[in-house]
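*Asks:* sequence isn't available, so here's the structure alone:
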C-alpha cells in the first residue's frame, strides 16, 4: 500500500490485514531516518507504553508499506 494512503491511519488504533492473510490490531507510525522514511508497528498496548515511558522495552516491528493490504481505524 502507498504511504499516502497509510498516513491518515498513523498513530491511531487500527486493524490491519497483511499480505500473508493475518489480521493484526495495533498502531503504525512513520519515522524519518537518514533522509529515508520508515514505518513501524506495535500492538496497541506496546504503543501506549512507548508513549508513556519511551525507556521501557516494547516490541516494535519494522513494517513495509507493501505488506499492508487493508486497514481500518478502530479508535472511537
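*Replies:* Yep, it's here. Quick caveat: nothing in here was measured; it's all calculated off a predicted structure. Numbers count the residues shown, from 1 in each chain.

*Asks:* and the helices in this protein?
*Replies:* Counting by DSSP state H, one finds helices in the chain at the ranges 3-6, 44-52.

*Asks:* show me what the residue sitting nearest the centre point of the chain bridges to in the sheet.
*Replies:* Nearest residue to the geometric centre of the chain (C-alpha atoms, centre = their mean): residue 28, 1.5 Å. Following DSSP bridges, residue 28 is listed with bridge partners residue 41.

*Asks:* and residue 16, how far is that from residue 28?
*Replies:* Using C-beta to C-beta, to the nearest Å, residue 16 is found at 7 Å from residue 28. Heads up, the C-betas are built off the backbone N, CA and C, glycines and all.

*Asks:* quick revisit: closest to residue 22 out of the helices of the chain?
*Replies:* With C-beta to C-beta, the closest approach to residue 22 among these belongs to helix 44-52: 15.9 Å.
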